[in-house]
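Visitor: sequence first, predicted model second:
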Amino acid sequence: MPVRRLVPTQEAADLLELTRDLARSELAPRVVQAEASETFPREVFRTLGRAGLLGLPYDESVGGGGQPYEVYLQVLEEIAAVWASVGVGVSVHGLSCFGLATVGTPEQQRWLPEMLAGELLGAYCLSEPHAGSDPAAMRTRAVRDGDEYVLTGEKAWTTHGGQADFYKVMARTSDHRSRGISCFLVPGDAPGLSADPAEHKMGLTGSTTATMRFEGVRIPAERRLGEEGQGLPIALAGLDAGRLGIAAVATGLAQGALDDAVAYAKERETFGKPIIDHQGLGFLLADMAAAVETSRAMTLHAARLKDAGLPYGQQASIAKLVATDNAMKVTTDAVQVLGGFGYTRDFPVERYMREAKVMQIFEGTNQIQRLVISRALATGVTGATTVLGAPQPALVS
């Protein structure tokens with residue numbers, strides 16, 4: 001069922017309606033076959049890009065949509081409610097543009113319009129086989145050689161690996177643990193860059209994930225984003241935004257599972273009435289609805305802090321933790337609602353459950369989110385009340 005939303009402008013309401021139309025017409029007819037055959041839907045991203053949905057949170061001067069993050073995340077949620085692999089891909093693409101948009105020079109930002117339009121698809125290379133939750137332990141190196149850098153190493157768990165047109169890559173330029181990492185924008189066709197065969201995953205099978213290998217990859221020094229040693233702060237700042245993206249995707253996935261479970265419960269009858277009218281089942285669905293609404297509220301709260309220019313890292317971690325844990329529970333309960341049918345591939349809820357699991361792992365495991373949150377609590381930073389303007393909201397149902 002359509003979600004009841006409050007958005008800041010009529011333009012935002014129109015964007016959400018456009019997203020729903022595209023999700024119904026372009027995504028829904030393809031999702032089952034693409035996920036079953038593990039086919040990467042590259043053309044879908046071009047379609048979303050041409051509709052202006054890939055660059056929504058970026059400034060209009062560089063080809064973005066100029067929308068607040070709270071609007072972008074709700075668009076992302078609508079996409080993920082129909083096709084989680086594409087929702088994750090949109091979030092990762094946005095993350096791969098983050099460094100260029102935030103620290104790129106005006107000369108470098110000439111690349112942004114084509115990226116934000118979706119004609120060029122991005123990927124993000126941070127994790128390594130031995131350095132996932134500890135990015136400062138990375139070993140991939142970038143050695144300066146005149147007007148070029150030479151990159152050598154490997155990056156694991158790369159969404160869009162082997163499919164992307166450009167890669168945002170973190171590589172070591174000195175041995176200093178935290179200030180020895182720099183950020184680079186590497187073309188997908190660079191000599192020496194290759195992708196291992198795609199991982200065989202439990203879920204999100206329409207999203208390609210692969211290890212990327214850098215074997216003497218030479219790139220011009222102008223493709224370094226920010227100064228040498230600035231890469232880790234760029235990466236971590238991007239991850240705060242990326243965690244909100246995954247929180248929105250998880251919320252959309254949970255909403256899709258809830259919708260399917262409710263529809264089934266209204267049609268399936270036992271003991272002479274629809275199973276939704278049996279209190280045991282009705283209460284389970286009520287808990288699922290409460291979990292989805294809680295995830296949405298926390299995600300939008302963090303997004304509004306970001307839009308106001310306020311610190312939001314702790315809230316981003318809470319949103320990611322809450323939304324992904326809730327998605328795992330809601331999708332598991334959706335399978336329970338459908339009973340034996342829920343355990344078959346004739347219905348999508350088993351796929352939702354498989355897709356939800358990885359949400360608790362990527363963009364920082366939920367154990368790492370708890371670490372981030374507990375450290376923020378330990379600093380003793382006090383809360384504050386900020387008064388914002390009060391634009392007239394638009395109601396979207």
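Guide: Arrived safely, thanks for sending.
Visitor: how about low-confidence regions in the stretch 1-150 of the chain?
Guide: Scanning the stretch 1-150 of the chain for pLDDT under 70 picks out the ranges 1.
Visitor: now do the helices in this structure.
Guide: For the chain, the helices defined by DSSP state H occupy 10-22, 28-37, 42-50, 69-82, 84-103, 112-116, 231-267, 279-307, 313-338, 349-359, 366-379.
Visitor: and those helices: which comes nearest Trp157?
Guide: helix 349-359 (9.9 Å; C-beta to C-beta). C-beta coordinates here come from the backbone N, C-alpha and C atoms, glycine included.
Visitor: which secondary structure elements does that closest one contact?
Guide: Helix 349-359 is packed against helix 84-103, helix 231-267, helix 313-338, with contacts defined by 3 or more C-beta pairs under 8 Å, 6 or more residues apart in numbering; DSSP states H and E.
Visitor: kindly reformat these as a markdown table containing distance to Pro220 and mean neighbour count.
Guide: Formatted as a markdown table, the helices and strands packed on helix 349-359 follow (distance: least, C-beta to C-beta, whole Å; neighbours: other C-beta atoms under 10 Å):
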| stretch | distance to Pro220 | mean neighbour count |
| --- | --- | --- |
| helix 84-103 | 14 | 26 |
| helix 231-267 | 17 | 25 |
| helix 313-338 | 33 | 24 |
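Visitor: would JSON lines of the ones you listed with distance to Met353 be doable?
Guide: Formatted as JSON lines, those follow (distance: least, C-beta to C-beta, whole Å):
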{"stretch": "helix 84-103", "distance to Met353": "11"}
{"stretch": "helix 231-267", "distance to Met353": "8"}
{"stretch": "helix 313-338", "distance to Met353": "4"}
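Visitor: out of these, nearest to Thr385?
Guide: Among the helices and strands packed on helix 349-359, helix 313-338 sits nearest to Thr385 (C-beta to C-beta), with 14.8 Å.
Visitor: looking at that closest one now, give me its mean pLDDT.
Guide: For helix 313-338, mean pLDDT rounds to 98.
Visitor: list of residues touching stretch 241-248?
Guide: 57, 69, 73-74, 76-77, 80, 87-88, 90-92, 94-95, 98, 124, 295, 298-299, 302-303, 306, 316-317, 319-320, 322-324, 359, 362-364, 369 (C-beta atoms under 8 Å, 6 or more residues apart in numbering).
Visitor: and what of stretch 364-373?
Guide: By C-beta under 8 Å, 6+ apart, stretch 364-373 touches Ser133, Leu239, Arg243, Gly313, Gln314, Ser317, Ile318, Lys320, Leu321, Thr324, Asp325, Gln360.
Visitor: export only the CA atoms of that stretch, formatted as PDB.
Guide: Output in PDB follows, covering the C-alpha atoms of stretch 364-373 (Å, rounded to 0.1, in the frame of the first residue of the first chain):
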ATOM      1  CA  GLY A 364      29.700  -1.200   8.600                       C
ATOM      2  CA  THR A 365      28.300  -4.200  10.400                       C
ATOM      3  CA  ASN A 366      25.700  -3.600  13.100                       C
ATOM      4  CA  GLN A 367      28.300  -4.500  15.700                       C
ATOM      5  CA  ILE A 368      30.400  -1.600  14.400                       C
ATOM      6  CA  GLN A 369      27.300   0.700  14.500                       C
ATOM      7  CA  ARG A 370      26.900  -0.200  18.200                       C
ATOM      8  CA  LEU A 371      30.600   0.700  18.700                       C
ATOM      9  CA  VAL A 372      30.100   4.100  17.000                       C
ATOM     10  CA  ILE A 373      27.000   4.800  19.100                       C
END
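Visitor: give the buried residues for that stretch.
Guide: For stretch 364-373, the neighbour count (16 or more other C-beta atoms under 10 Å) marks Gly364, Thr365, Asn366, Ile368, Gln369, Val372, Ile373 as buried.
Visitor: cool, stretch 57-73 as well?
Guide: Those would be 57-58, 62-65, 67-73, for stretch 57-73 by 16+ other C-beta under 10 Å.
Visitor: ok, Gly340 - how many residues close by?
Guide: 7 (other C-beta atoms under 10 Å).
Visitor: please report how far it lies from Met115.
Guide: 46 Å (C-beta to C-beta, to the nearest Å).
Visitor: quick one, domains of the protein?
Guide: Split into domains by automatic domain parsing, the chain comes to 5-116, 122-229, 233-379.
Visitor: OK, contacts around the spatially closest residue to Phe98 that is not a sequence neighbour?
Guide: Of all residues not flanking Phe98 in the chain, Gly238 sits nearest, at 4.2 Å (C-beta to C-beta, 6 or more residues apart in numbering). By C-beta under 8 Å, 6+ apart, the contact set of Gly238 is Leu95, Phe98, Gly99, Tyr124.
Visitor: Thr324 too?
Guide: So, once contact is read as C-beta under 8 Å, 6+ apart, Thr324 ends up touching Ile246, Ala247, Ala250, Ala356, Met359, Gln360, Asn366.
Visitor: how about Met170?
Guide: With C-beta under 8 Å, 6+ apart, Met170 has these contacts: 125-126, 135, 138, 140, 181-184, 231-232, 234-235.
Visitor: now those residues as JSON lines including distance to Ala334?
Guide: Below are these laid out as JSON lines (distance: C-beta to C-beta, whole Å):
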{"residue": "Cys125", "distance to Ala334": "34"}
{"residue": "Leu126", "distance to Ala334": "32"}
{"residue": "Pro135", "distance to Ala334": "34"}
{"residue": "Met138", "distance to Ala334": "38"}
{"residue": "Thr140", "distance to Ala334": "40"}
{"residue": "Ile181", "distance to Ala334": "41"}
{"residue": "Ser182", "distance to Ala334": "44"}
{"residue": "Cys183", "distance to Ala334": "40"}
{"residue": "Phe184", "distance to Ala334": "42"}
{"residue": "Gly231", "distance to Ala334": "40"}
{"residue": "Leu232", "distance to Ala334": "39"}
{"residue": "Ile234", "distance to Ala334": "38"}
{"residue": "Ala235", "distance to Ala334": "35"}
